[in-house]
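# Sequence plus predicted model, see below.
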Amino acid sequence: MPAPPGYSRQELMVIEAARHVRDGDVVFVGTGLPLLAATLAQRTHAPNVVCVIESGVIAPRVRPTPVSVSDPKVMYRAVRLGTLREVLGCLLQRGLVDLGFLGGAQIDRYGNINSTVIHSPGGMKRLPGSGGGNDMASHCRRLLVITRHERRRFPERCDYITSPGFLDGPGARERAGLSGDFGITVVTDLAVLENDPETCALRIAQLMPGITVDAVRAQTGFAPGVAPGVREVAPPAPEVLGVLRDEVDPDRVYLREDESVSAARR
Amino acid sequence: MPAPPGYSRQELMVIEAARHVRDGDVVFVGTGLPLLAATLAQRTHAPNVVCVIESGVIAPRVRPTPVSVSDPKVMYRAVRLGTLREVLGCLLQRGLVDLGFLGGAQIDRYGNINSTVIHSPGGMKRLPGSGGGNDMASHCRRLLVITRHERRRFPERCDYITSPGFLDGPGARERAGLSGDFGITVVTDLAVLENDPETCALRIAQLMPGITVDAVRAQTGFAPGVAPGVREVAPPAPEVLGVLRDEVDPDRVYLREDESVSAARR
Amino acid sequence: MQPRTTPRQAEKVMTAAEAVSRFVRPGSTVGMGGQNIGRCPVALAHEIIRQRIGELTVVGCNLSISMDQLVGAGLVRRTICGSGNLERFGTTFCWRRAIEDGTLEVEDYSHLAMVTRFLAGEMGVPFMPTRSLLGSDLLRAAEKVAPAGGLGGTAGRTAPPTTPHPDRPVVIDNPWNPGEPVVLVPALRPDVSIVHVQRADAVGNVVIEGFATHEPEMMRASRHVVVSCEELVPNDEIRAHPEQTTVPFVHVSAVVVQPFGAYPTSTYRYYDYDPVHVAAYQAAARGGAGAVREYLRAHVWQCARFDDYLQRAAGRERLEALRRAMQEMV
Amino acid sequence: MQPRTTPRQAEKVMTAAEAVSRFVRPGSTVGMGGQNIGRCPVALAHEIIRQRIGELTVVGCNLSISMDQLVGAGLVRRTICGSGNLERFGTTFCWRRAIEDGTLEVEDYSHLAMVTRFLAGEMGVPFMPTRSLLGSDLLRAAEKVAPAGGLGGTAGRTAPPTTPHPDRPVVIDNPWNPGEPVVLVPALRPDVSIVHVQRADAVGNVVIEGFATHEPEMMRASRHVVVSCEELVPNDEIRAHPEQTTVPFVHVSAVVVQPFGAYPTSTYRYYDYDPVHVAAYQAAARGGAGAVREYLRAHVWQCARFDDYLQRAAGRERLEALRRAMQEMV
C-alpha cells in the first residue's frame, strides 16, 4: 500500500513531539514513537541532541528501527555502552537529563502517569510497571508524552501513580521532595497538552488539524483548560516528513500506513 | 656486599608473615614488606592466594618490586584493573576479603592502629592518614601487621584510632557496629603477637630466635600476656628464603642486607 | 559472607544441569540477567524449569522472557522488579495473568531503585538512598509498612520501632537538610544470579559487551553467580585486557559454556534476537496456561539439552542468519 | 544542575592555561585525580600554580605530589582526603608541615568513605552509607558535630536538629535492624576535577587504562572536569570501543592535550614514574619553604609551558627511557 499523499496524524504527532526537543538537550528515550521523535529532531533541527537509553547506552547513532532498549540497533556506535546505574543514576538522578519521553496507560489532570495497574469493576489489569518511568518523572526537567487521546487514558486521577507529574497540584512536588523545576507536554492525536504554569493542570496548548476544543474535552476524563493563544499544530515541513519516512522509520515498524490525516477520527 | 650467610631478622619477619597467609585467601595488600609476604606465600605454600590492591587491581602477577599501589609492577597481568570502589566496596566492605595487611605508627594493647597523628609534648606529628587502613580493619576477618618492635610504637592506647582493632576490649567491636569475627597478628623483629581470644588484648604468641619475653616487654608500652605454648619462630626453609631473595625482592628494594639474625639487637 | 562451596581460584566450568542443581534451591532468590530482548539467560532458566525448582523469588530490573517462562512453569512465588515486559512484543503474559489471578506476589520498584538495592548489596551496606519513588504510589505502599517516625537516631535504640518490611523502602529526613525526604531502599542480595554473557574464562572472569544494565551490581551483590557464556576464553586473554573484565572471578561460582544461550534474545556482537520465535513464545504466553505448558513441553521438558531446543526452535541455518544479522550491525 | 559554560557536544580542546583559568576559581573545591606515583595531574596543577589561584579546597582519596605542590605554593586552605603520601618516597611534606603549623585545615576520611562521598555526588543523592569509620576517631570527630539523636524521622521535621557539618559523617540506626549503627557520609561534588588520562577525544570522552582509583566517581560527581591526556583520539575510535569509555563527554568540560602530563608520576601503558625526579621533589619538600619555593620557581614559574618543565626536569632521552621502561612491563 503506498504512503498517503498527505501525512498521517501519527506522523504529525511524531513531528510535533520532535519540535519540543531542543538542540543540545540530553534526552532520555525508550523505543517506539519517542525514539522516532528524538531521532527525527537529531536529524533535522537538533543535531546536538544527546540520546541516552536506560540499558546503558549513551549518544548512539541509532539505526532504524529498534524495537527495544536492548535492541542492538539502539546501541549503534554509541560513545559509551555501560550500565543502568551510569544512565539512571549518574546522568538522570544526577540532574543532567533535560528531557524524558514517557508513556503510560493513564495520565491524569496533574500529569501523573500510571503504568502499573488499572482497577475496574471487572477486576484489576496489571501493566508492565515503572521501568525507568518513575525515575524519569522524578528527575527530568521536562517530560514529553506521546499517546492516543482516549477518555480512559485521561482520567481525573490515575488509579496508581507510577510516575509523578505535579501530584496534587502547586507545590506538591516540592513537598514530596521532588524538584519543582518541571514541565510536561503531552502530544496526542487530538491535541498538544501542557501544564498550566499556575495551576499545574494539563491544558490544551495546540489542536491537531481540524480538531476542536470540544472534541478534545469529549475524549478527556477531566475538563482541560485552554492556553491563551491556542493554535493549530503546524503541518510538517516536507523535508522533515521525508526524513521521518526515509531515514527514521523506513520500514514503518512504528509508523502505520493506514491512517492519513484526512482519514483520522474527528 | 654479599648476602649474609644465615638470614636477616627482617627476612624472617617476612617469611613468618607469609606463613599466616592461607591458600585460597583473598588478601588485601599494599606495598613494602606486606606485598613481599603475600607474594612469597603465593610462590610457596599458597598458590591460590588472590591479591587485591586498593587502587583497583585484582589478582595481579606482581613483578618485583613495586614501591607503590599505583606502581605498574603491581598491576602486571591482573585479571581486573578497575576502581577503588570495586576493591574497597565490592570486595572488602562486601565481606569477601579474608586477610588484610596493615601498617601504622602506633598499635596499642587492643590492636587499634594509629596512622593519623602523634601527640607529644613538643607538639603534634602528622602522619599520612587512613588510606584504606580503616576500611581494612573494619571489614577484614584477619589483620596482619608487620612492624619494628619499639616501645613508642606499642603504647597502652593510641593517640588516635585510625583503624579499629578490638577498641576497648571484648564486645566493643560489636557495640560499635563492626563484626566481632576478627583477629590480629603482629609480626615484629622481636616476636609474633596475637589477640587473646578472651581478653582481646595482644599477647606474645611466638618469639624471634634468641629473644626473651622480658626483652619483648621492655620494648612494649603495655604488658603483653604470653600465649600458652609460646615457642620460637621457626627458621626459614632454605627454599623459601631462596624464593624471597631471588624472586620476590631480587633488587633488595625492601630487604636490607645489613642485618643478619645474629647481628640483630637482642 | 559467601559460603565457599567452590574455591575461588578453582576451575568452575560445568554443565547447566550441574550448575543449576548446585546453586539454585527451592525457595531461592534468583537474580535475573538480561533485559527485554537482550541477553536473557534462557539456557539457565530452561534448566531450572527442567529441574522444576520452585518457590522462587525472581528479582531484576526489567524481567522478561525467562522470568515469564519460570512463572508459566509454576515455579515462582514472588517477583521484585522494575518492570515485566518485552516492549514491542507485548507484556510478560504469564506474569500478568499470575498477578491478576492472585497467585504471584509482586514488589514494585523503579529501575533505578532496583539498581540502588543491588548497589547496596554489592557494597556491603544495609541500604542505599535514592530520590526516586518520592510522591508516587511505589512509595506509598512502603510507607504504610514503615512510618518515617520510627526511624533513625538514638531513639531507635531505646524504643525500637516496628522493623520495616525487608523488601520495601522507607523515608528519612536528609540529616544535612532537615525537611528534605530521602528514600532508603534495602540491600538486595540474591542467593544466586543467572546471567548470560559473551565471554568468560574457566575460573569465572566475565566479559560483558554492549549494554550491561543492572548486571554488574547484581552479580557482585549475589551469594553465587552462575554465568552461561558464548565463548570460553583462556585466562591469559582476560589478563591481556584487564580493563575489559566486567566482573572478576571472585564473585562467580559456575561457568556454563552455551553458545546461543540467550536465544531467542540477542547477544551483542554475537547474534541478533529472533522476532519469529519471540512472537511464537508470546503467542503461547498470551494463549493461557495450556498453551504455555505445551510450549514448555516442546521446548524444555522434551529437550534433554539446550542444543536440542536450539535445533527445534531455530535450526542451524536460522542461527547462522541471526549471527550474520548481528555482524552487519556492529 | 551543571552550569553549561560549554555546550556538551562542543569541541572542548584548549590549552591548560585556558582550561584552568576558565574552570578553576579562587576558593574552588578541586577534585584531584591520580594516586601516589601514578597518573597525578601534574601539568594541570602546575598551571594552577602558575596562575596562583588560591584558597582552594583539595579533595581526593590519596593526595600526592600535585596536592603537595599546591600546598607548597600556598594555594590550599583545606584538604579532604583519605591520605597524603607518596609511599616509599615518604609523606607529602608540605602538607604535613602546613598541618603541623596550623595553616591548613584537614578533614580525614578513609579511602572507601571518600569514594562513598563521590558516589553520592555522582548518583545525585545527598549522602551514602558506609560501615567504615565505625568505632574509630575518624568518626568520633564527626559525632561531636552531629549527635545521632538529632537525626531521622518525622521528629526532624517538627523540631529541626542542628545541621551536621557539611563535610563530616553522621551515624544513624539501620531502619531494618534497629540498634545497628550505620555511617552516612555527605555527597561531595567538586567544583572542578583535574585528572590526567591516557586518551580523550575532542568532545571529552575519556579512556582511563590501568587502575582508575576514585576517578570515575569523582569525575561524574563534579560540576566541571578538566582532563589532560596523552593522546587525542578521533571520536570514531571512541565509538568503535564503547565499552572502554571510562567517562562519557557529558561530564567533561575541557580537554588539554599534554603528553607526559603526569611526569614525574607514571601513566599506565605510556611511561613509568621517574624515581629520580620524585626524590628530587621530595628533597625540596622535606627541605622546607625556601627549598619548595626554589623548586617551584625553577620548575613552574620559570617555565612558560609544561613542555619547558619536561625539558628542564627530564629531557627527551630520559622521557624516552621511561616510555621504554613502561612498554617492557605491559
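Arrived safely, thanks for sending.
# ranges for the strands of the stretch 1-150 of chain C?
Here the stretch 1-150 of chain C has its strands, by DSSP state E, counting those that start in this stretch, at C:29-32, C:56-59, C:62-63, C:76-81, C:83-84, C:105-108, C:127-130.
# okay, the ones you listed in a markdown table with mean pLDDT next?
Formatted as a markdown table, these follow (pLDDT from 0 to 100):
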| stretch | mean pLDDT |
| --- | --- |
| strand C:29-32 | 98 |
| strand C:56-59 | 98 |
| strand C:62-63 | 98 |
| strand C:76-81 | 98 |
| strand C:83-84 | 97 |
| strand C:105-108 | 96 |
| strand C:127-130 | 98 |
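# so which of these gets nearest chain D?
Closest to chain D of the strands of the stretch 1-150 of chain C, according to Cβ to the nearest Cβ: strand C:127-130, at 4.5 Å. (Each C-beta comes from the backbone N, C-alpha and C, glycine too.)
# Now do stretch C:235-245: everything it contacts.
B:61, B:75, B:77-82, C:201-203, C:205-207, D:208-210, D:243-244 (Cβ atoms under 8 Å, 6 or more residues apart in numbering or on different chains).
# what about the helix or strand harbouring residue A:10, near chain C?
Counting by DSSP states H and E, the element that carries residue A:10 is helix A:9-19. No. Using Cβ under 8 Å from any Cβ of the partner chain, helix A:9-19 never reaches chain C; the gap is at least 15.7 Å.
# looking at the strands of the stretch 1-150 of chain C, which is buried most?
For these, the largest average neighbour count (mean count of other Cβ atoms under 10 Å in any protein chain shown) is found in strand C:62-63, namely a mean of 31.
# Paired strands for that one, with orientation please.
Strand partners for strand C:62-63, identified by DSSP bridges, are recorded as strand C:83-84 (parallel).
# which residues touch the strand it pairs with?
With Cβ under 8 Å, 6+ apart as the contact definition, strand C:83-84 has outside contacts at A:128-131, C:61-64, C:67-68, C:91-92, C:95-96, C:111.
# Apply 7 Å and report the result again.
Strand C:83-84 has contacts (Cβ atoms under 7 Å, 6 or more residues apart in numbering or on different chains) with A:128, A:129, A:130, A:131, C:62, C:63, C:67, C:91, C:92, C:95.
# Enumerate every residue touching the closest residue to the third one other than its chain neighbours.
Okay, so that is residue A:130. In this structure, residue A:130 finds its nearest non-sequential neighbour in residue C:110, 4.4 Å apart by Cβ to Cβ, 6 or more residues apart in numbering or on different chains. Neighbouring residues of residue C:110 by Cβ under 7 Å, 6+ apart: A:130, A:132, A:134, A:135, C:82, C:132, C:133, C:138.
# distance between the ends of stretch C:168-188?
Taking Cα to Cα, to the nearest Å, stretch C:168-188 runs 11 Å from one end to the other.
# Just the buried positions in that stretch, please.
By neighbour count on 16 or more other Cβ atoms under 10 Å in any protein chain shown, the buried set for stretch C:168-188 is C:168-178, C:180-188.
# before we move on, what about stretch C:304-317?
Of the residues in stretch C:304-317, C:305, C:306, C:309, C:310, C:313, C:314 count as buried by neighbour count, 16+ other Cβ under 10 Å.
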